[in-house]
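[1] sequence first, predicted coordinates after that:
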Amino acid sequence: MPTYVMTDKCKGCMECVKICPSDIMHIDPVQGRAYNIEPAMCWECYACVKACPEAAIDVRGYADFAPLGHSVVPMRTADRIVWKIRMLGGETKEFTFPIRTTPWGSIRAPQDAPEPTHDAARSELLSFEPDYLAVDALPTLPRPTTAGA
Amino acid sequence: MDEAQPHPTHVVDCDILIVGGGFAGCGAAYEARYWGRDLKIVIAEKAAIERSGAVAQGLSAINCYMGMRWNENQPEDFVRYVRNDLMGLSREDLVYDMARHVDSTVHMLEEWGLPIFTDPKTGRYVREGRWQVMIHGESYKPIVAEAARKAASELYERIVVTHLLPDAKDPKRVAGAVGINVRDGSFYVFRAKAVIVAAAGASHIYRPRSAGEGSGRTWYPPWATGSAYALLIQMGAEMTQMENRLVVTRFKDGYGPVGAWFLLLKAVATNAAGEHFESARLPELRTRVGAYADAKPMPTCLRNHLMLQEILEGKGPILLHTERVLDTPEKETIGWEDFLNMTIGQAVTWASQGIEPTKDPSELILSEPYVMGSHAVCAGAWTSGPQDVALGEYSWGYNRMTTVAGLFGAGDTVGGSAHKFSSGSFTEGRLAAKAAVAFVRDHAEAPTVGEEEIARFRSTVYAPLDRYAEKRGNVTAGTVSPDYLFPDQGLNRLEKIMDEYAGGVSANYTTNEHLLTRALEHLRRLRVDLGSMGARDLHQLQRVWELDHRLWTAEAVVRHTLFRQETRWPGYYYRADYPHVDDEKWHCFVNSVFDPATREWKLFTRPYHALI
């Protein structure tokens, strides 16, 4: 779907270029502003729309099945996302959803945990197991002894 | 770094290289660091891991969670479910192994800050279906990426890994990978003691239903280019179940998911006349697939089959009656959030077409086929299973290691283990990484990378830029040249071949020996033309190598489909010359090996063993 960029808002900051998973948001060397170089490889994932600090990027539904006259616009903050939707007939809807329950950057790095023992390293346990399984032990089966068993 | 060359070379030495920073790759990075504190762990990713892979846009559910702590399900239950859904064929050791660990992954994700719907009365996660839990998952990928960034020694983004490197002394051992930085054009050589391929399955192997600019509206993302398979096949790794391609039932055009609608909201689908069609078609289904027709729950492919038959008889459109179940504002919000979190394009489809889900039903459709290994299909590499439960011939020492020494897989890369989804792919990344750390401990010597091999790859990967520069002046403006093809032109040919000859949408998913043989001839000619690609810039050069990976994937799909002389998964594809399930001959895995030395493929079967 293609994303499009509003001329009067884009400052050419490259945030969309950095984030686009499909590598299709590029800077137009003439205007110095971003644009979608390959709409047929756009997944409408909204990564660029969410990342744009100027709210300069929007989406116009795919021309092969989406009539003009709609919009689906997000505003994402540290802990929530607000979606404003305008339907074909002009009706509007608004939804707000949480996105994260902890501060950004707060995840404990695995190397901050105590070093695992040699026995743990040669076991079937993954990091923080069995504690994080929240059951007594990692399940296993009687080891099959013959093929076709 | 050699500045004199137009494309300088960077050499990165590491212990473990992770190719692809999606869910499996991020899980691998986290776990590799936990067990390998002193190791150099490197991620190479073609986009930015903050929003890369299949979960770039977010998700509205975790589709794989046992709930062992509440005794909701045990791993054995999940094995039976997956076996049933895949029509009796899965690597049950791999499925069991993922399932017994996946709860610890989900609990970790919740601790990291992923909002999971919880029932305030019971304290349990809210179930969408038996295996699924509901999440506010808009930031699912950025959360997981944060963990991976903290774990990895180095992260290289915008690197398109084009090829794996064999060890110069032992072609059955991996020694690293090469790739292109698509921002500055430099050439990257990664030398690694172990490589975990956590790359993607494939969209755009088959021509999509949408047209023109809408062709980005595939179900699996357009950046899923089959690197999970192409990288491994060329190394000579054994592959399995590549014929087991996926067709999904989705909301028409926007491809919104149906899971929450069927499972949580209990919506029903009818034909255009309002008739429930599934039960009336069961007798016909039994003649095709025997007892599988009565399996509970009905396998994904068979539900597709029943809908397809209804459409082919002219009884469409198939309608999902959202209007009958959205009877409260809370349910309407759940319906919209389901799409806004994971398929925003479906919300755009509703908005643009003026579909009010509280009043209007929505059309359902069957998608074009996809090649992948983490949803309701299990294409991928044949890998070693966990030592404590895998049967002898399913285990050769290191969990999730392929038949190439030091080469591991996770997520879409690993075959035979369907229904991993996001949590299971992350878990499989963790499993592969722990085993890769053990491999590195056991094989401390650095692999040998031949300079000649690197020089050969270097000249190969940049050839499309050179060809374009040399030949561009022979024609006036425009995109038509007799000297080269642009990657989008080659992709159009690949999609057309696969659609028409190998069971795509226009063929109603049907093929036969003659059509598949023709497909191989056309693919061979396309392979020849891949030697004449043109790229005017680095973006197009990325697209050339994505096409190369898709073509390797497509060839594997066709060869496997040709070899399996039955229709095991009606609703995914049909061999018109062998229209039935044939358990006597084909209740087994179809595997293949491409020999890089002779350039020949070998197809054969491997036995299926029930673990449970």
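    Yep, it's here.
[2] can you get me a residue count around residue 108?
    Answering for chain A, as no chain was given. Other residues near residue A:108 come to 13 when the count uses other Cβ atoms under 10 Å in any protein chain shown. In short, each C-beta sits where N, CA and C put it, glycine included.
[3] looking at chain B here, not the other one
    A count of nearby residues for residue B:108, using other Cβ under 10 Å, gives 24.
[4] contact partners for it?
    A:128, A:132 (Cβ atoms under 8 Å, 6 or more residues apart in numbering or on different chains).
[5] which SSE is residue B:592 in?
    For residue B:592, the element it lies in under DSSP states H and E is strand B:588-595.
[6] residue contacts, residue B:10?
    Residues in contact with residue B:10, defined by Cβ under 8 Å, 6+ apart, are B:1, B:181, B:186-189.
[7] what strand or helix carries it?
    Going by DSSP H and E, residue B:10 is in strand B:9-19.
[8] ok, residue B:94 next?
    Residue B:94 is part of helix B:92-112, with elements assigned from DSSP H and E.
[9] relative orientation of the helix or strand following the strand holding residue B:10 and helix B:92-112 in degrees?
    For strand B:9-19, the following helix or strand on the C-terminal side (DSSP H and E) is helix B:23-35. With axes from the mean of the first three to the mean of the last three Cα atoms, to 10 degrees defining the directions, helix B:23-35 sits at 80 degrees from helix B:92-112.
[10] what's the average pLDDT for helix B:23-35?
    Helix B:23-35 comes out with an average pLDDT of 98.
[11] give the next helix or strand downstream of that helix.
    Under the assignment DSSP H and E, the closest C-terminal helix or strand after helix B:23-35 is strand B:41-44.
[12] pull up the pairing partners for that next one, direction included.
    Under the criterion DSSP bridges, strand B:41-44 sits next to strand B:9-19 (parallel), strand B:154-156 (parallel) in its sheet.
[13] most tightly surrounded among these?
    For these, average neighbour numbers computed from mean count of other Cβ atoms under 10 Å in any protein chain shown are highest in strand B:9-19, which has a mean of 22.
[14] mind listing what the most centrally placed residue in chain A touches?
    Ranked by distance to the mean C-alpha position of chain A (Cα atoms, centre = their mean), the top residue is residue A:47 at 6.3 Å. Contact analysis of residue A:47 by Cβ under 8 Å, 6+ apart lists A:19-21, B:51, B:56-57.
[15] low pLDDT regions in the chain?
    Just so you know, I chose chain A. Scanning chain A for pLDDT under 70 picks out A:1, A:143-149.
[16] hmm, no, I was thinking of chain B.
    B:1-5.
[17] for the stretch 251-400 of chain B, which segments are assigned as strands?
    Secondary structure of the stretch 251-400 of chain B by DSSP state E, counting those that start in this stretch: the strands cover B:269-270, B:318-320, B:362-366, B:380-381.
[18] got it, and chain A?
    For chain A, applying DSSP state E gives strands covering A:3-5, A:25-28, A:33-36, A:57-59, A:71-76, A:80-86, A:92-98.
[19] export the fifth one as CSV, just CAs?
    Going back to what we said before, that points to strand A:71-76. Taking Å, rounded to 0.1, in the frame of the first residue of the first chain, the C-alpha atoms of strand A:71-76 are listed here in CSV:
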residue,chain,number,x,y,z
SER,A,71,-7.4,7.0,6.1
VAL,A,72,-5.9,4.8,8.9
VAL,A,73,-3.4,6.9,10.9
PRO,A,74,-1.4,5.8,14.0
MET,A,75,0.2,7.9,16.7
ARG,A,76,2.6,5.8,18.8
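[20] what's it packed up against?
    Applying 3 or more Cβ pairs under 8 Å, 6 or more residues apart in numbering or on different chains; DSSP states H and E, one finds that strand A:71-76 makes contact with helix A:47-51, strand A:57-59, strand A:80-86, helix B:344-353.
[21] how's chain A carved up into domains?
    For chain A, the structural domains run A:1-66, A:67-107, A:109-139, going by automatic domain parsing.
[22] highest average neighbour count across those domains?
    domain A:1-66 comes out most buried of those by mean count of other Cβ under 10 Å, with a mean of 20.
[23] next, the angle strand B:588-595 makes with the helix ranked longest in chain B.
    Assignment by DSSP state H gives helix B:538-563 as the longest helix of chain B. Here the directions of helix B:538-563 and strand B:588-595 differ by 130 degrees (the same axes, to 10 degrees).
[24] the helix or strand that helix B:538-563 is followed by pairs with which strands, and in what direction?
    Sequence order places strand B:574-575 as the next helix or strand after helix B:538-563, per DSSP H and E. With DSSP bridges as the test, strand B:574-575 is paired with strand B:510-511 (parallel).
[25] if we can go back for a sec, turn the strands of chain A into a markdown table, including distance to residue B:211.
    A markdown table is the format used below for those (distance: least, Cβ to Cβ, whole Å):
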| stretch | distance to residue B:211 |
| --- | --- |
| strand A:3-5 | 19 |
| strand A:25-28 | 23 |
| strand A:33-36 | 18 |
| strand A:57-59 | 18 |
| strand A:71-76 | 22 |
| strand A:80-86 | 25 |
| strand A:92-98 | 29 |
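[26] isn't residue B:586 right up against residue B:564?
    Yes - the pair residue B:586 and residue B:564 qualifies as a contact (Cβ atoms under 8 Å) at a distance of 6.1 Å.
[27] quick one: name the residues of the stretch 151-300 of chain B near chain A.
    Residues of the stretch 151-300 of chain B lying near chain A by Cβ under 8 Å from any Cβ of the partner chain: B:151, B:158, B:182, B:210-218, B:221-223, B:253.
[28] switch to 6 Å and redo it
    B:151, B:210-217, B:221-223, B:253 (Cβ under 6 Å from any Cβ of the partner chain).
[29] okay, the angle between the host helix or strand of residue B:457 and strand B:9-19?
    Using DSSP H and E, residue B:457 maps to helix B:451-471. For helix B:451-471 against strand B:9-19, the angle by the same axes, to 10 degrees is 110 degrees.
[30] so which elements touch helix B:451-471?
    Secondary-structure packing of helix B:451-471 (3 or more Cβ pairs under 6 Å, 6 or more residues apart in numbering or on different chains; DSSP states H and E): helix B:538-563.
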